[in-house]
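> Predicted structure and sequence below. I'll ask about it afterward.
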Amino acid sequence: MEITPRILKGFRDFLPPAEIRRKELVRILEDSFRSFGFVPIDTPLLEYAEVLLGKGGGETDKQVYRFNDHGGRDVALRFDLTVPFARYMAMHRNELNLPFKRFHINKVFRGENTQRGRYREFTQCDFDIVGTDSVSADLEIVLMITSAFAALQIPGVTVHISHRGIFNRFLQAHQVQDQSVEILRTVDKLRKVGEEETLQTLQTLTSPEVAEKTLAFIGASGSFQEILTTLESLAGGPCPESQTLREIGTALETLVTPGTVILDPSITRGLDYYTGVVFETFLKGAEGIGSVCSGGRYDDLVSLYSKEAMPGVGASIGLDRLLAGLEELGQLPGTTAAADVLITMQDAALTAHYHELGQRLRARGIRCEVYPEAQKLGRQFAFAERKEIPLALVCGLREHQDGTVNLRVLETRENHQDLTEEQALEIIHGLLPR
RNA sequence: GUGGAUGUAGUUCAAUGGUAGAGCGCCAGAUUGUGGUUCUGGUUGUUGCGGGUUCAAGUCCCGUCAUCCACCCCA
């Protein structure tokens, strides 16, 4: 009896065109991170459940994959890259130079229900600066986000930034900090539900007066600095948190395209461990897919594992969600070409010659593959085109004797006849985009 | 996890409870060294899976798996 091939809900196979695209995005991101001096690390997929979940083991929210291994250990698959990183820093802080800037691109697992751009196995691209509470680090993370998306050549990206503490100050100023969780949840739905309903819900939670002010706080409009001034006045005047935001906002004026980074006081949630600035990033036209890069500052992350404080700031790009968003926008970038050149097989007797040709092309930086069977040329051309290989080399007995090759541009069906290898190389290099 | 929609050939879609079909694609040939046209012939199914009702189920019922949507949460 054969087993039906199938895969788990929320887990996926990737066909070559999709995987080529993913790898290309990752390559660009790695280059981008490295250009800022971030260095790569990796950690195990599987960890002690206690390490990932804390002593309490409250995995209810995270929907963690958790089980006992063969040795009876209570283990779990990592559900993000930040918590393992905290454990990593607690274990290796003496081997690392602080401040430490790392990036980490790998898969994480959450047993939550699936949706477009939401899977149970997905890839996160984390980048963090730890060991400093400098505003410079906060600023650099924002700059890293905008630079990464610029490197990916994705237009219409906006980074929404806020500060955990400033909304808390507002709540304290109106003595409603006890309802902060409910208020945050309500406020988060503003764009989805509308002002009217949000106001009503807030009124039942607080008072009509506070509800009005909350809405004014959340809906503050204008430039970065104008919004900040509004927030300060509603939260009881300037404070260290607003000062941080002001510094970041001022610096960004000359660092990024205007309108790329928006002060958005409704960005108040995020993971529990954020204590300072928080960010979410949206694709214009695909806001429904959610944030494609979120993060913030955490000042007590390592406290779970160590007495010493380890402040940090970082963010994470959701690669799969980003790809789903780009697909929705019809903006999937990059080519999925398997190679630059197909060396066609005209005559099986010349097999060795074709591979020698291939080796010489590869030595010159050209990706090429040799077609393995002497089939009709039309068939070999169609094969190349399906794999998005733009060029084909044709060499039969005649050309082999003359020491020449023919080069065909598949898209235009244009032929370059009787070329020496050097001439062919020159034309190939001229035709390839890089 | 809760609620809802969907699931038919490689793909896009048909089929009043009564023989599972069409376009596109794919394969072969006309065309043995150059594939976009044309013509001829050919190919494709455990109707997601498992039960049930019925003389008869792609169609109705139940379960299950998967996808999508909303909630929740988040990347």
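Happy to help now that I have it.
> count of residues packed around the closest residue to A:Phe167 other than its chain neighbours?
Take A:Phe167 and drop its neighbours on the chain: the residue closest to it by C-beta to C-beta, 6 or more residues apart in numbering is A:Thr268, 4.9 Å away. Heads up, the C-betas are built off the backbone N, CA and C, glycines and all. Counted with other C-beta atoms under 10 Å, residues neighbouring A:Thr268 total 22.
> so where do the helices sit in the stretch 51-200 of chain A?
Using DSSP state H, counting those that start in this stretch, the helices of the stretch 51-200 of chain A run over A:82-92, A:135-151, A:164-173, A:180-188, A:190-193, A:195-205.
> Would you single out the least confident of those?
The minimum mean pLDDT among the helices of the stretch 51-200 of chain A belongs to helix A:190-193 (a mean of 71).
> What residues sit buried inside it?
The neighbour-count check on helix A:190-193 (16 or more other C-beta atoms under 10 Å) flags A:Leu190 as buried.
> Other residues contacting it?
A:Thr198, A:Ile218, A:Gly219, A:Ser266 (C-beta atoms under 8 Å, 6 or more residues apart in numbering).
> Now render these as JSON lines, adding neighbour count, secondary structure and distance to RNA strand B.
Formatted as JSON lines, these follow (neighbours: other C-beta atoms under 10 Å; DSSP: H, G, I helix; E, B strand; the rest coil; distance: C-beta to the nearest atom of the strand, whole Å):
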{"residue": "A:Thr198", "neighbour count": "22", "secondary structure": "helix", "distance to RNA strand B": "12"}
{"residue": "A:Ile218", "neighbour count": "25", "secondary structure": "helix", "distance to RNA strand B": "16"}
{"residue": "A:Gly219", "neighbour count": "15", "secondary structure": "coil", "distance to RNA strand B": "19"}
{"residue": "A:Ser266", "neighbour count": "19", "secondary structure": "coil", "distance to RNA strand B": "12"}
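> where are the low-confidence patches of chain A?
Scanning chain A for pLDDT under 70 picks out the ranges A:1-2, A:55-62, A:191, A:269-272, A:333-334, A:434.
> show me what contacts the nearest residue to A:Leu283 once chain neighbours are set aside?
Closest residue to A:Leu283 in three dimensions, ignoring its sequence neighbours and counting by C-beta to C-beta, 6+ apart: A:Gly325, at 4.5 Å. By C-beta under 8 Å, 6+ apart, the residues touching A:Gly325 are A:Gly117, A:Leu283, A:Ala286, A:Ile289, A:Val292.
> quick one, phi/psi of the closest residue to the third one other than its chain neighbours?
This points to A:Ala286. The spatial neighbour of A:Ala286 that comes closest, neighbours along the chain excluded (C-beta to C-beta, 6+ apart), is A:Gly325 at 4.1 Å. As for A:Gly325, its main-chain torsions (degrees, to the nearest 10) stand at phi -60, psi -40.
> Would you check how far apart A:Glu422 and A:Arg364 are?
10 Å (C-beta to C-beta, to the nearest Å).
> A:Ile317 now?
Distance, A:Ile317 to A:Arg364, by C-beta to C-beta: 35 Å.
> and what of A:Lys107?
Counting by C-beta to C-beta - A:Lys107 and A:Arg364 are separated by 36 Å.
> okay, these two: which has more neighbours?
Between A:Lys107 and A:Arg364, A:Lys107 has the larger neighbour count (other C-beta under 10 Å), namely 15 against 11.
> Look up how far RNA strand B lies from the more buried one.
Counting by C-beta to the nearest atom of the strand, to the nearest Å, the gap from A:Lys107 to RNA strand B is 11 Å.
> who's that residue bridged to?
A:Thr123 (DSSP bridges).
> for RNA strand B, what are the nearby residues on the stretch 101-250 of chain A?
Residues of the stretch 101-250 of chain A found near RNA strand B (C-beta under 7 Å from any atom of the strand) are A:110, A:112-120, A:122, A:124, A:185, A:189, A:192.
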